[in-house]
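A.B. asks: Prediction below, plus the sequence it came from.
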Amino acid sequence: MDWVTGLVPRGEENYNACLIIVDWFSKSMRCLPLHKEDTAMDTALLFWKIKFTCGVPKIIISDRDPKFTSEFCTNLYEMLGTKLAFSTAYHPQTDALAERMIQTIEDILRTFCAYGMEYKDHKGYTHDWVTLLPAVQLAYTTIQHSTTGKTPALVEKRWNLLWPVDHLKKNLLTIHPTAKDFHDMWKRACDTAAKCIAEAKEYNKQRWDKTHMEPDFKEGDQVLVSTLNFNNIKGPKKMRDSFVGPFTVIKLIGKNAVEVQLTEKPSRKHPVFPVSLLKPYFQTEEDKFPSRKKNPTPPDIEEVEASPGPVSKIIRARKIRLNGKDQRQYFVRFKSQTADKDQSLAEDAIPDGNLHLGRFRASRRT
């Protein structure tokens with residue numbers, strides 16, 4: 001599962017994002033329109049509808065979005081017997097196949113929405129990308145997948161789905177104009193979706209073939225780790241080393257990720273890294289001759305506690321006496337946390353405090 005955000009707000013509910021759900025076995029895909037601001041519970045309620053048609057999954061692969069890593073989601077799927085497999089540290093996808101599938105589908109959706117197709121029916125209702133989203137699903141599930149050699153619909157349902165033109169009867173004596181317009185709308189939407197899929201697949205294939213290199217790491221190798229996503233290194237970002245290490249590879253995880261033995265200073269919570277952030281370590285003259293003058297030691301990395309996520313709302317306020325002075329504190333609820341995880345924070349410690357305090361004070365006045 002993954003989110004596609006930044007879409008043009010459309011539909012009666014002004015949806016501006018999509019939740020992508022891909023079946024690992026059949027490669028079939030579902031696209032569910034959502035709001036970028038929806039909570040973990042909103043996502044779970046929408047995903048619940050898929051369960052009644054496809055069943056409860058054994059495993060869900062996703063990135064570390066707070067909507068997926070929240071205590072609510074982890075407890076819910078634990079009760080359902082579903083394992084949550086999150087991506088490796090600082091990498092948006094779990095492995096190469098997931099990376100290509102998710103990236104391709106994101107490109108398809110963005111291109112499809114960018115076409116700006118809008119149709120007005122005889123009642124004046126406007127059909128936009130939210131209404132026509134099923135056309136993308138139909139086109140995607142009826143095109144042969146490179147991995148299985150079959151269409152996702154054939155693998156999932158054991159038969160191919162029909163397009164609006166497969167049984168089109170053009171020799172009818174009378175054709176209702178509204179019915180014809182409605183048919184033409186879906187036909188054009190399906191044709192546009194098929195075009196977007198072909199363009200996205202070709203583009204991603206060229207991009208992947210150009211940059212992808214099969215890893216040749218093995219257990220015991222010495223590697224350097226990129227500091228691209230190390231946000232807690234002391235000192236100016238431009239002055240930091242591009243790579244730190246060397247570290248020893250202790251385990252290979254699939255074909256595109258490895259687990260390394262991290263030392264104390266750059267110790268991380270997730271020692272698993274994609275091979276795209278690693279490079280082989282070769283002994284330098286300093287390593288061969290330790291008595292020579294060495295370069296300065298790598299910068300220290302200070303541990304930073306994980307942020308509870310964005311603020312949902314301020315619940316209430318209270319006054320306390322601290323160091324002989326009265327101080328006002330606010331009980332803050334976070335979007336990815338349940339009510340028992342509310343925190344009491346001072347005004348200057350609330351993320352986006354001006355925005356949420358303004359809303360809180362406005363609600364008190366009404």
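C.D. replies: Okay, I see it. As the structure is a prediction and not an experimental result, all values here were calculated from the model.
A.B. asks: in the stretch 201-350 of the chain, which spans are strands?
C.D. replies: All strands of the stretch 201-350 of the chain, identified by DSSP state E, counting those that start in this stretch, fall at 222-226, 243-253, 257-261, 272-274, 278-280, 311-322, 325-334, 343-346.
A.B. asks: Return the mean pLDDT over the fifth one, rounded to an integer.
C.D. replies: This predicted structure assigns strand 278-280 an average pLDDT of 83.
A.B. asks: buried set for whichever strand or helix holds Phe182?
C.D. replies: Using DSSP states H and E, the element containing Phe182 is helix 177-211. By neighbour count on 16 or more other Cβ atoms under 10 Å, the buried set for helix 177-211 is 182, 185-186, 188-190, 192-194, 196-197, 200-201, 204. Quick note: C-beta positions are derived from backbone N, CA and C, even for glycine.
A.B. asks: How far does that helix sit from its chain's centre?
C.D. replies: Relative to the chain's own centre, helix 177-211 is displaced by 23 Å; criterion: Cα atoms, centre = their mean, to the nearest Å.
A.B. asks: other SSEs contacting that helix?
C.D. replies: Counting contacts by 3 or more Cβ pairs under 8 Å, 6 or more residues apart in numbering; DSSP states H and E, helix 177-211 is packed against helix 96-114, helix 133-141.
A.B. asks: okay if I get the ones you listed as TSV plus distance to Val22, mean neighbour count and mean pLDDT?
C.D. replies: Formatted as TSV, the helices and strands packed on helix 177-211 follow (distance: least, Cβ to Cβ, whole Å; neighbours: other Cβ atoms under 10 Å; pLDDT from 0 to 100):
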stretch	distance to Val22	mean neighbour count	mean pLDDT
helix 96-114	6	20	69
helix 133-141	10	22	80
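A.B. asks: Domains in the protein, by residue range?
C.D. replies: If you go by automatic domain parsing, the domain ranges for the chain are 2-211, 222-288, 311-365.
A.B. asks: what about the helices and strands packed on helix 177-211, which gets the closest to Ser226?
C.D. replies: helix 96-114 (17.0 Å; Cβ to Cβ).
A.B. asks: What residues does the closest residue to Val8 other than its chain neighbours make contact with?
C.D. replies: Nearest non-adjacent residue to Val8, counting by Cβ to Cβ, 6 or more residues apart in numbering: Cys113, 5.9 Å away. Contacts for Cys113 (Cβ atoms under 8 Å, 6 or more residues apart in numbering) come out as 7-8, 10, 129.
A.B. asks: quick one, phi psi at the most centrally placed residue in the chain?
C.D. replies: The C-alpha lying nearest the average C-alpha coordinate of the chain belongs to Asp2 (Cα atoms, centre = their mean; 3.8 Å). Main-chain dihedrals, Asp2, degrees, to the nearest 10: phi -160, psi 160.
A.B. asks: hang on, it packs against Ile102?
C.D. replies: Yes: if you go by Cβ atoms under 8 Å, Asp2 and Ile102 touch, sitting 4.9 Å apart.
A.B. asks: if we can go back for a sec, which one of the strands of the stretch 201-350 of the chain is the most hemmed in?
C.D. replies: Among those, ranked by average contacts under mean count of other Cβ atoms under 10 Å, first place goes to strand 272-274 (a mean of 22).
A.B. asks: Adjacent strands (with direction) for that strand?
C.D. replies: With DSSP bridges as the test, strand 272-274 is paired with strand 257-261 (antiparallel).
A.B. asks: Next, the angle from the strand it pairs with to strand 243-253.
C.D. replies: Strand 257-261 runs at 120 degrees relative to strand 243-253, counting by axes from the mean of the first three to the mean of the last three Cα atoms, to 10 degrees.
A.B. asks: tell me the mean pLDDT for strand 257-261?
C.D. replies: In this model, strand 257-261 has a mean pLDDT of 82.
A.B. asks: between that strand and strand 222-226, how big is the angle?
C.D. replies: Angle of strand 257-261 versus strand 222-226, following the same axes, to 10 degrees, is 110 degrees.
A.B. asks: how about strand 257-261 as PDB, C-alpha atoms only?
C.D. replies: Extracted in PDB, the C-alpha atoms of strand 257-261 (Å, rounded to 0.1, in the frame of the first residue of the first chain):
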ATOM      1  CA  ALA A 257      18.800  -4.600   1.100                       C
ATOM      2  CA  VAL A 258      21.500  -5.600   3.700                       C
ATOM      3  CA  GLU A 259      21.800  -5.400   7.400                       C
ATOM      4  CA  VAL A 260      25.100  -3.900   8.700                       C
ATOM      5  CA  GLN A 261      26.800  -4.000  12.100                       C
END
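A.B. asks: Report the distance from that strand to the chain centre.
C.D. replies: For strand 257-261, the distance to the chain centre is 22 Å (Cα atoms, centre = their mean).
A.B. asks: would you list the helices and strands packed on helix 177-211 in JSON lines and tack on distance to Pro246?
C.D. replies: Converted to JSON lines, these look like this (distance: least, Cβ to Cβ, whole Å):
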{"stretch": "helix 96-114", "distance to Pro246": "25"}
{"stretch": "helix 133-141", "distance to Pro246": "44"}
